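In: A predicted structure for the sequence below; I have some questions about it.
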Amino acid sequence: MVSLASAFGGHIEPRFYVNTGVFVVTNRCAGVFSMPPLALHPNHFGEQTWLNIQAHLWGVTLEDLDPVYNCMTLVEEHFGLDRYKDASIIHYAGQSADLDKLAKTIAADDAKWKEIGR
């Protein structure tokens, strides 16, 4: 992030790197959503890295979101958690490579919610 920021004239000292699946900001910080130059990033985390750089440059103060607003299926599965019953937002970061599998995962999550009356 340091070298990428400096390539565009910025100086940062990284203090964080956050997943951007669910990101809530006030209008004062809307500049963090500025688009990166086309073809800047060679990987699928490019927009996330760019947003993290922008958050540093804008001096954004970050706070963690409660899992009720940021329930990530891969994390739930990896750590054996089951917070679906409390979640208001579920996101599926990193699961778009196999859209058929993703559709089945979403359907299974929807079934879990219906089962518990959501």
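Out: All right, it came through fine.

In: pretty sure residue 94 is touching residue 75, no?
Out: No: using CB atoms under 8 Å as the test, residue 94 is too far from residue 75 to be in contact (10.2 Å). For every residue, glycine as well, the C-beta is placed using N, CA and C.

In: Check which residues of the lowest-mean-pLDDT helix or strand in the chain are buried.
Out: One helix or strand of the chain scores below all others by mean pLDDT, DSSP states H and E: helix 73-79, with a mean of 77. Using 16 or more other CB atoms under 10 Å as the test for burial, helix 73-79 gives 73, 76.

In: And for stretch 29-39?
Out: In stretch 29-39, counting by 16+ other CB under 10 Å, buried: 29, 32, 36.

In: Excluding chain neighbours, give the residue nearest to the last one in space.
Out: So that's residue 36. Closest residue in space to residue 36, ignoring its immediate chain neighbours: residue 50 at 4.0 Å, by CB to CB, 6 or more residues apart in numbering.

In: for this protein, what's the longest helix?
Out: Secondary structure of the chain per DSSP state H: the longest helix is helix 99-115.

In: what's that helix in contact with?
Out: With CB atoms under 8 Å, 6 or more residues apart in numbering as the test, helix 99-115 has contacts from 73, 84, 90, 92, 95, 96.

In: List just the nearest of the buried residues of stretch 29-39 to residue 15.
Out: When the buried residues of stretch 29-39 are compared for distance to residue 15 (CB to CB), residue 32 wins out at 14.6 Å.

In: Confirm that closest one sits in a helix?
Out: Yes: using DSSP: H, G, I helix; E, B strand; the rest coil, the assignment for residue 32 is a helix.

In: Run through the chain and note the low-pLDDT ranges.
Out: 38-45 (pLDDT under 70).

In: Thanks a lot, see you next time.
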